[in-house]
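**Q** only geometry, no sequence info:
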């Protein structure tokens, strides 16, 4: 009888200790976001510190970022950021957002089967006109089902940039907030100050008296 009582006491004490440890152990903090500026295309953005920079694409005018995954890299979920259409030269006509979005949809349709456009709408990114295309298809070469959300952004010189999340459909809800954070931080270089302007002068506060926010914060 004494042995049974001691067992109960020890068991209860162990449970209370585990509960106390669980309550006092702080949750791990997420890694801070990193800032990256693409040299050739000239855009900057932030991305999660736990994600990896996988390399350049589009002839050095873009990069791919992704969270660590166990599958072959060709099957990884990830976000691609790039300049997809350079500024027109001379009398060359600008491609325009509608044409670029149409080309992107045609490319997905050619590479995949059962292509479905889920959503297409106008957006604004960093005060630039933009369009979003969301589509789903099965890739012919791998048989992998993909869901893509691509945001095309028109720059001041009629160049076109894209920020694209491609992932397995079941992972989209988890990764879309990261895409939104990357888009919120996406910026082009600010124009040079006019000659004779005081570069050290404080920025003018907007209506409401609040100072301008850090333009690279997601």
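**A** The structure has been received and is ready for your questions. Note that the structure is predicted; figures quoted are calculated from it, not measured.

**Q** got the buried residues for the helix or strand where residue 182 lies?
**A** Taking DSSP states H and E as the criterion, residue 182 maps to helix 172-185. Within helix 172-185, the residues that count as buried by 16 or more other C-beta atoms under 10 Å are 172, 175, 178-179, 181-183, 185. C-beta: built from backbone N, CA, C; applies to glycine.

**Q** could you pull out the strands for the protein?
**A** Along the chain, counting by DSSP state E, strands occupy 34-37, 44-47, 52-57, 62-66, 78-85, 112-125, 128-139, 145-154, 160-167.

**Q** could you give the angle of the third one to strand 78-85?
**A** Regarding strand 52-57 and strand 78-85, their directions subtend 20 degrees when assessed with axes from the mean of the first three to the mean of the last three C-alpha atoms, to 10 degrees.

**Q** residues touching the residue positioned nearest the centre of the chain, list them.
**A** The centroid of the chain falls nearest to residue 179 when counting by C-alpha atoms, centre = their mean (3.2 Å). Contact analysis of residue 179 by C-beta atoms under 8 Å, 6 or more residues apart in numbering lists 79, 149, 163, 165.

**Q** Bridged to the first one, which residues?
**A** Put plainly, it is residue 79. Beta bridges link residue 79 to residue 65, residue 165, judged by DSSP bridges.

**Q** okay, it: pLDDT?
**A** pLDDT for residue 79: 98.

**Q** for the third one, same thing?
**A** According to the prediction, residue 163 has pLDDT 98.

**Q** for it, what are its contacts?
**A** So, once contact is read as C-beta under 8 Å, 6+ apart, residue 163 ends up touching 45, 79-81, 125, 150-151, 153, 179, 182-183, 186.

**Q** Tell me the one of these nearest residue 89?
**A** residue 153 (19.9 Å; C-beta to C-beta).

**Q** Pipe the contacts of residue 163 into JSON lines and attach distance to residue 106 per row.
**A** Shown next, in JSON lines, are the contacts of residue 163 (distance: C-beta to C-beta, whole Å):
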{"residue": "45", "distance to residue 106": "27"}
{"residue": "79", "distance to residue 106": "22"}
{"residue": "80", "distance to residue 106": "18"}
{"residue": "81", "distance to residue 106": "21"}
{"residue": "125", "distance to residue 106": "23"}
{"residue": "150", "distance to residue 106": "13"}
{"residue": "151", "distance to residue 106": "18"}
{"residue": "153", "distance to residue 106": "20"}
{"residue": "179", "distance to residue 106": "23"}
{"residue": "182", "distance to residue 106": "25"}
{"residue": "183", "distance to residue 106": "24"}
{"residue": "186", "distance to residue 106": "25"}
